[in-house]
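Asks: below is the sequence, then the predicted model.
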Amino acid sequence: MKAIVQRVISASVEVEGTIVGQIGTGLLVLVGVAKGDAEEDCRYLVEKLRTFRIFSDEQGKMNRSLVDVGGSVLLVSQFTLLASTVNGRRPSFDAAAPPEVAKRLYERMAADLRVAGTSVQTGVFAAHMRVALVNDGPVTFVLDSHDKSS
């Protein structure tokens with residue numbers, strides 16, 4: 001699983017003119033599910049998102065986690081993160097998981113975050129969405145469950 005993680009002051013996602021998810025301080029997480037991804041990839045990203053120290057402490061250093069600041073997550077599915085742009089002028093999405101697998105793991109990730117005590121809002125899987133955010137920093141990271149070393 002690949003995630004683009006943005007530290008935000010606020011973020012929202014809209015579908016057909018209706019806001020379906022909205023948060024204040026926290027993380028906007030765009031997540032793409034790759035072929036071969038499984039529940040262990042969800043668990044890795046959930047733990048990383050909750051404990052990744054990317055919020056500023058009193059000295060302005062990135063020393064606090066989502067849990068430390070009591071932040072929320074806006075989780076938005078985005079299969080385009082798995083695109084290959086190497087050949088030609090049109091991206092290839094061959095690395096993306098089939099929609100039924102991606103949806104299951106995306107929903108699992110949201111559920112696991114909630115079970116762990118994180119406030120989570122979501123977009124609508126496979127819908128055309130408009131995402132708005134106020135990035136705090138800007139601070140943006142790419143996380144990939146395939147990069148885990150332990």
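Replies: Ah, there it is. Predicted, not measured: the structure shown is a model, and the values here were computed from it. Residues are numbered from 1 along each chain as shown.

Asks: going along the chain, name the strands of the chain.
Replies: Remark: strands assigned in the chain by DSSP state E are 2-15, 18-23, 26-32, 55-56, 62-64, 72-77, 119-122, 130-144.

Asks: closest one to Cys42 among those?
Replies: strand 26-32 (9.4 Å; Cβ to Cβ). Every residue, glycine included, has its C-beta placed from N, CA and C.

Asks: pull the CA atoms of that closest one into CSV?
Replies: Only the C-alpha atoms of strand 26-32 are listed here, as CSV (Å, rounded to 0.1, in the frame of the first residue of the first chain):
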residue,chain,number,x,y,z
GLY,A,26,-4.6,15.9,11.5
LEU,A,27,-3.6,14.0,8.4
LEU,A,28,-5.0,13.8,4.9
VAL,A,29,-4.1,10.4,3.7
LEU,A,30,-4.4,9.4,0.1
VAL,A,31,-4.0,5.7,-0.1
GLY,A,32,-3.5,3.3,-3.1
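
Asks: in CSV, list the strands of the chain along with mean neighbour count, mean pLDDT and distance to Ala83.
Replies: Formatted as CSV, the strands of the chain follow (neighbours: other Cβ atoms under 10 Å; pLDDT from 0 to 100; distance: least, Cβ to Cβ, whole Å):
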stretch, mean neighbour count, mean pLDDT, distance to Ala83
strand 2-15, 21, 98, 10
strand 18-23, 16, 98, 23
strand 26-32, 25, 98, 9
strand 55-56, 19, 97, 30
strand 62-64, 14, 97, 29
strand 72-77, 25, 98, 14
strand 119-122, 18, 98, 22
strand 130-144, 14, 97, 14
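
Asks: with respect to Pro91, which of those strands lies nearest?
Replies: Nearest to Pro91, of the strands of the chain and by Cβ to Cβ, is strand 26-32 at 12.2 Å.

Asks: each with direction, which strands does that closest one pair with?
Replies: strand 2-15 (antiparallel), strand 72-77 (parallel) (DSSP bridges).

Asks: so can I have JSON lines of those showing distance to Lys103?
Replies: Shown next, in JSON lines, are the strands paired with strand 26-32 (distance: least, Cβ to Cβ, whole Å):
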{"stretch": "strand 2-15", "distance to Lys103": "15"}
{"stretch": "strand 72-77", "distance to Lys103": "8"}
